[in-house]
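Undergrad: got a predicted structure plus its sequence, pasted below:
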Amino acid sequence: MKKIIIASLLILMMIAISCKKDNNNKILLAHKYTGVLTYGYYRDFPDLNCIVGVVLNVNQDGSVTFSDGSTNVFEAQDIYYESSGPSLKMKVSGIVTLTSAKGQYQKINDKDFLVIWVNANTSGTKYIWNWDTDTQAWVAPPSGSEVPFNYTDTYSRGKLQFSMDDAIKDGSFTKDTVPDVHGNFVYGYGLNLTEISN
């Protein structure tokens, strides 16, 4: 009798372990996907596009893996003209970094999304020269008048939601737009996905 009870307990334990394993490997997606998550800093004036990215893979169980982060430097300069001639000159320089990312698949309102947390940063410095109409020359910015700027997204600040359907078709995007001198600057994220054939 004791042997039968022990054997029954072993069978029940094996079934429980098997069920747990099946739940951990639950198929949520019909296909695997690969793609790129990009993080960019864009300006109207001076005209600037600085983009970094990481490769990601989406598994059928909804888990997502990411490659190592990347960094890119930027520098741009331009002159703003009014009807009477040059008005100001601006230069921006700095660095854009996408340090790391983590994410997972979620079904939201019966639609497929990737929810992604990022650790990213844009930091730089802005310099402005004014045009002196009397001397017809640029007035260099005095020492210490440069304007530093910094924009950071960390895991603790929240998450990004990307439509997988949009990411597969033309890309899924989200951005923050901030008014600035003679235009805007934008911090934006994009996700593009490609289906992997089984």
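TA: Structure's in. What do you need?
Undergrad: all the strands of this protein, residue numbers only.
TA: 32-43, 48-58, 64-66, 70-82, 85-108, 111-132, 137-139, 147-153, 160-163, 172-180, 183-196 (DSSP state E).
Undergrad: for those strands, which one sits closest to K26?
TA: Proximity to K26, assessed across those by CB to CB, is greatest for strand 85-108 (11.1 Å). No exception for glycine: its C-beta is placed from N, CA and C like everyone else's.
Undergrad: angle of that closest one against strand 147-153?
TA: 10 degrees (axes from the mean of the first three to the mean of the last three CA atoms, to 10 degrees).
Undergrad: which strands or helices does strand 85-108 pack on?
TA: strand 32-43, strand 48-58, strand 64-66, strand 70-82, strand 111-132 (3 or more CB pairs under 8 Å, 6 or more residues apart in numbering; DSSP states H and E).
Undergrad: against V118, how distant is S156?
TA: 11 Å (CB to CB, to the nearest Å).
Undergrad: these two: who's more crowded?
TA: The neighbour count for S156 versus V118, taken as other CB atoms under 10 Å, is higher for V118 (24 against 7).
Undergrad: the more buried one and L160: what is the separation?
TA: 7 Å.
Undergrad: hang on, the earlier thing: got TSV for the helices and strands packed on strand 85-108, with mean pLDDT too?
TA: Below are the helices and strands packed on strand 85-108 laid out as TSV (pLDDT from 0 to 100):
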stretch	mean pLDDT
strand 32-43	97
strand 48-58	97
strand 64-66	97
strand 70-82	96
strand 111-132	95
